[in-house]
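1. Based on what follows, work out the 3D shape:
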Amino acid sequence: MSLDSTTRERIETLLKDHRVVLFMKGDRQQPMCGFSASATNTLNELLPDYHTVNVLEDPEIREGIKLYGEWPTIPQLYVGGELVGGADIISQMYGSGELHTLFGVAAPDRTPPEITITDAAAEAIRQGTSNAQGVALHLEIGPDHSAGFQLAPAGAHDIVAHANGLDVHFDPASAQRARGIVIDWVSTVQGEGLSLTFPGTK
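-> A predicted model of the protein is given here:
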């Protein structure tokens, strides 16, 4: 299948008119898939403004961009007319500081945050990860202090904090937001789970 000339011209016009273009599902305010959300979350950390193209509203562009860059998945980030990659590559380049360099932004502070893990939380984490081989505990903290833990392989550019005999892996933005947090194990009406308390909040 080849890319028709009309669609190619539309894509090239978009890339000419905007230095940074993210072809994605949904838009910056409302991503419509997890990978697109991951990409916009990362770009939002670094850029006040960039152009997004919602491929769900444009079938020609949705199929055409895959042919144009010979890249089979969405989202796709283009900078200066060049394909950078998809969500995983965007995340890796953000962690390594390559994305900062690409956008002319100051490199991230890689100082591991000072965090506290209570004994109850440490015990729960050890029990929960006892059979998990080859993975690390990651904590992602959004701009609104929403937080999510996940077990995933350690990344070469993770920022790692040590507390109560445990390692917690962060991306650069989450590491900044994690400074001074307390990770505890709590029982609520909804059940038991890990909770985060940020400095200055109760």
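
2. give me the element the residue positioned nearest the centre of the chain is part of.
-> Closest to where the C-alpha atoms of the chain average out (CA atoms, centre = their mean) is residue 38, at 4.2 Å. Under the criterion of DSSP states H and E, residue 38 resides in helix 34-46.

3. Could you pull out the buried residues of the next helix or strand after that helix?
-> Sequence-wise, the next helix or strand downstream of helix 34-46 (DSSP H and E) is strand 51-54. Of all the residues in strand 51-54, those buried under the rule 16 or more other CB atoms under 10 Å are 52, 53, 54. Every C-beta, even on glycine, is put in place using the N, C-alpha and C of the backbone.

4. Strand 51-54 pairs with which strands?
-> In its sheet, strand 51-54 lies beside strand 20-24 (parallel), with partners assigned from DSSP bridges.

5. Quick one: work out the angle between the partner strand and helix 34-46.
-> Strand 20-24 runs at 160 degrees relative to helix 34-46, counting by axes from the mean of the first three to the mean of the last three CA atoms, to 10 degrees.

6. Off-centre distance for strand 20-24?
-> Put simply, strand 20-24 sits 15 Å off its chain's centre (CA atoms, centre = their mean, to the nearest Å).

7. if you average pLDDT over that strand, what comes out?
-> For strand 20-24, the mean pLDDT works out to 98.

8. Let me see the mean pLDDT of stretch 129-147.
-> Average pLDDT, stretch 129-147: 90.

9. mind exporting it as PDB, just the C-alpha atoms?
-> The C-alpha coordinates for stretch 129-147 follow below in PDB (Å, rounded to 0.1, in the frame of the first residue of the first chain):
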ATOM      1  CA  THR A 129       6.800  -8.200  45.200                       C
ATOM      2  CA  SER A 130       8.200 -11.400  46.700                       C
ATOM      3  CA  ASN A 131       7.500 -13.400  43.500                       C
ATOM      4  CA  ALA A 132       8.200 -10.600  41.000                       C
ATOM      5  CA  GLN A 133      11.600 -11.300  39.500                       C
ATOM      6  CA  GLY A 134      13.400  -8.900  37.300                       C
ATOM      7  CA  VAL A 135      11.100  -6.000  37.900                       C
ATOM      8  CA  ALA A 136      11.300  -2.800  39.900                       C
ATOM      9  CA  LEU A 137       8.700  -0.700  41.800                       C
ATOM     10  CA  HIS A 138       7.900   2.400  39.800                       C
ATOM     11  CA  LEU A 139       6.000   5.400  41.100                       C
ATOM     12  CA  GLU A 140       4.600   8.000  38.700                       C
ATOM     13  CA  ILE A 141       3.200  11.200  40.200                       C
ATOM     14  CA  GLY A 142       1.300  13.600  37.900                       C
ATOM     15  CA  PRO A 143       1.100  17.400  38.100                       C
ATOM     16  CA  ASP A 144      -2.200  17.100  40.100                       C
ATOM     17  CA  HIS A 145      -0.400  14.700  42.600                       C
ATOM     18  CA  SER A 146      -2.300  11.700  41.200                       C
ATOM     19  CA  ALA A 147       0.000   8.700  41.800                       C
END
